[in-house]
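>>> The following comprises the amino acid sequence and a computationally predicted model.
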Amino acid sequence: MRTIGERVRLTELGWEKDLAYEVVNEAVPDATGDKVLVEVEACGVCYRDLIDRSGRFPFLQMPITPGHEAAGRIVDVGPNVQRWKVGDRVASLHRDYCGECGACERGDTCFCTRASWVLGLLADGGYARHLMVPEKALYPVPDELSSVQAAVLHCTYGSAWRGLVVAGGLEEGQRALITGANGGVGAAGVELAAKLGATVVAVVRDEKHRALVTELGASEVIVDRDGSFHKHPSLEKVDVVLECVGKATFNASLRSLAVGGRMGLVGNVDPEQAALNLGFVIVNGLTIRGPGGCTPRDIDGIVAVHRKHPLRFLIDRELPLSAADEAQRLVRAGGLHGRIVLVPSA
Ligand SMILES: [Zn+2]
Ligand SMILES: [Zn+2]
């Protein structure tokens with residue numbers, strides 16, 4: 001009998017109570033309809049998991065298993081499943097999509113308004129040995145990637161790709177600036193932008209991150225603690241900003257853009273609203289675009305880059321699933337080099 005096994009539960013909002021770790025010896029339900037059962041081999045710990053835990057999404061269901069960055073292998077498929085079979089290696093998207101609406105037909109499945117299976121918010125997510133999801137909440141994992149690498153593919157590289165390429169229209173030879181450049185999405189952005197042939201300016205909060213972001217491909221590193229890096233004497237205006245922080249760096253990012261510059265806005269760490277100088281945007285012809293989540297098409301683009309110029313898949317550390325609470329607190333404290341990935345015990 002296949003048992004539910006290890007899982008982590010969010011039972012109370014906030015940081016006073018730890019996430020609950022439990023081992024459940026009941027049988028896993030059979031996959032029904034279009035559902036697929038995945039045996040999870042790795043799950044990334046995302047800043048969004050912390051936002052979920054903080055209660056910033058009023059529609060959050062509790063108790064719930066957090067996590068939307070799971071990778072593993074399919075062990076059961078429902079009778080209506082068309083695209084997967086037992087044994088396939090897969091990883092999760094943030095949520096499913098309908099495949100039929102205008103957004104889906106354009107390939108922007110992340111903007112599908114008929115999606116209902118939102119991992120970690122409306123449906124149990126990947127901090128678990130087993131994950132049950134609709135078949136459209138998954139994408140295939142290329143053979144050359146490990147499950148730990150695949151766990152950080154869609155939400156770090158995918159968010160960076162959406163911000164830089166889809167929202168920012170970044171092209172070879174252009175200049176890109178990336179805030180929060182040592183974090184999961186930021187580091188992926190530095191790597192991707194450099195491999196796409198851009199000149200990369202990395203903004204970090206601490207000198208200790210300089211070596212890392214330089215190694216990932218940054219040509220210039222600005223250490224900034226007060227959101228004034230746009231005044232740095234060496235900074236030349238950039239074509240694209242990947243804004244991975246939010247309010248603290250938003251204004252300096254905007255003022256770093258050249259005329260006609262584009263910002264891919266992916267970070268929103270501080271729940272406070274940011275002020276926006278409307279005239280500055282109008283006069284300089286700037287674009288600020290929220291790129292949404294990553295789509296299967298974006299994954300194909302990233303994998304194509306990886307095959308030409310291998311990506312590093314920066315992992316700060318791997319921790320057992322039982323350390324999920326500690327992992328979230330480490331992310332909350334900041335200063336990591338890439339993602340923490342949770343690994344269920346075999
Ligand atoms: Zn994520
Ligand atoms: Zn749709």
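Ah, there it is. Numbering: from 1, shown residues only. Ligands and ions are numbered 1, 2, ... in the order given.

>>> so where do the helices sit in the stretch 201-346 of the chain?
Along the stretch 201-346 of the chain, counting by DSSP state H, counting those that start in this stretch, helices occupy 210-216, 247-256, 278-284, 296-308, 324-333.

>>> Of all those helices, which one is nearest ligand 2?
Ligand 2 lies closest to helix 296-308 among the helices of the stretch 201-346 of the chain, at 12.8 Å (C-beta to the ion). The C-beta positions use only the backbone N, C-alpha and C, and glycine is treated the same way.

>>> Can you give the distance from the closest one to the centre of its chain?
15 Å (C-alpha atoms, centre = their mean, to the nearest Å).

>>> go on, stretch 78-93?
Per C-alpha atoms, centre = their mean, the centroid offset for stretch 78-93 relative to its chain is 22 Å.

>>> Tell me if that stretch is near ligand 2.
No - judged by C-beta under 5 Å from the ion, stretch 78-93 and ligand 2 are separated, with a smallest distance of 12.6 Å.

>>> Count the neighbours of Ile315 for me.
Other residues lying near Ile315 total 21 when counted by other C-beta atoms under 10 Å.

>>> And Arg106, by the same measure?
11.

>>> So which residues on the stretch 151-300 of the chain come close to ligand 1?
Close to ligand 1, as judged by C-beta under 5 Å from the ion, the stretch 151-300 of the chain has residues Cys155.

>>> ok, Arg53 - contacts?
Arg53 sits next to 10, 13-15, 19, 66, 328 when contact means C-beta atoms under 8 Å, 6 or more residues apart in numbering.

>>> now with 6 Å?
Leu10 (C-beta atoms under 6 Å, 6 or more residues apart in numbering).

>>> distance of it from His154?
20 Å (C-beta to C-beta, to the nearest Å).

>>> what separates Gly279 from Leu177, distance-wise?
From Gly279 to Leu177 the distance is 22 Å (C-beta to C-beta).

>>> Of those two, give the one with the bigger neighbour count.
A direct count of neighbours by other C-beta under 10 Å for Gly279 and Leu177 places Leu177 higher, at 34 against 8.

>>> Of all the helices of the stretch 201-346 of the chain, which one is nearest Ala31?
Smallest distance to Ala31 across those (C-beta to C-beta): 20.7 Å, for helix 296-308.

>>> so where do the strands sit in the stretch 1-150 of the chain?
3-9, 20-27, 35-45, 70-77, 89-92, 130-134, 138-140 (DSSP state E, counting those that start in this stretch).

>>> so which of those comes closest to Ser322?
Of all these, strand 20-27 sits nearest to Ser322, with 4.9 Å by C-beta to C-beta.

>>> and Gly173, how many residues sit next to it?
10.

>>> Could I get the contacting residues of Ala31?
37, 76-78 are the contacts of Ala31 under C-beta under 6 Å, 6+ apart.

>>> could you redo the last one with a cut-off of 7 Å?
37, 76-78, 132 (C-beta atoms under 7 Å, 6 or more residues apart in numbering).

>>> mind checking pLDDT for it?
We have a pLDDT of 97 for Ala31.

>>> can you tell me which of the contacts of Ala31 lies nearest to ligand 2?
Among these, Gly78 lies closest to ligand 2 (C-beta to the ion), at 19.9 Å.

>>> what about the closest one, distance to ligand 1?
26 Å (C-beta to the ion, to the nearest Å).

>>> quick one: that residue and Pro29, what's the gap?
Going from Gly78 to Pro29 by C-beta to C-beta gives 11 Å.

>>> Please compare the two by neighbour count and tell me which comes out ahead.
Between Gly78 and Pro29, counted using other C-beta under 10 Å, Gly78 has the larger neighbour count: 17 against 12.

>>> got the contact list for the more buried one?
With C-beta under 7 Å, 6+ apart, Gly78 has these contacts: 31-36.

>>> run the last query once more with 6 Å
Contacts of Gly78 by C-beta under 6 Å, 6+ apart are 31-35.

>>> Quick one: those residues as TSV, columns for distance to Leu257 too.
As requested, these are exported to TSV (distance: C-beta to C-beta, whole Å):
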residue	distance to Leu257
Ala31	48
Thr32	50
Gly33	47
Asp34	43
Lys35	45
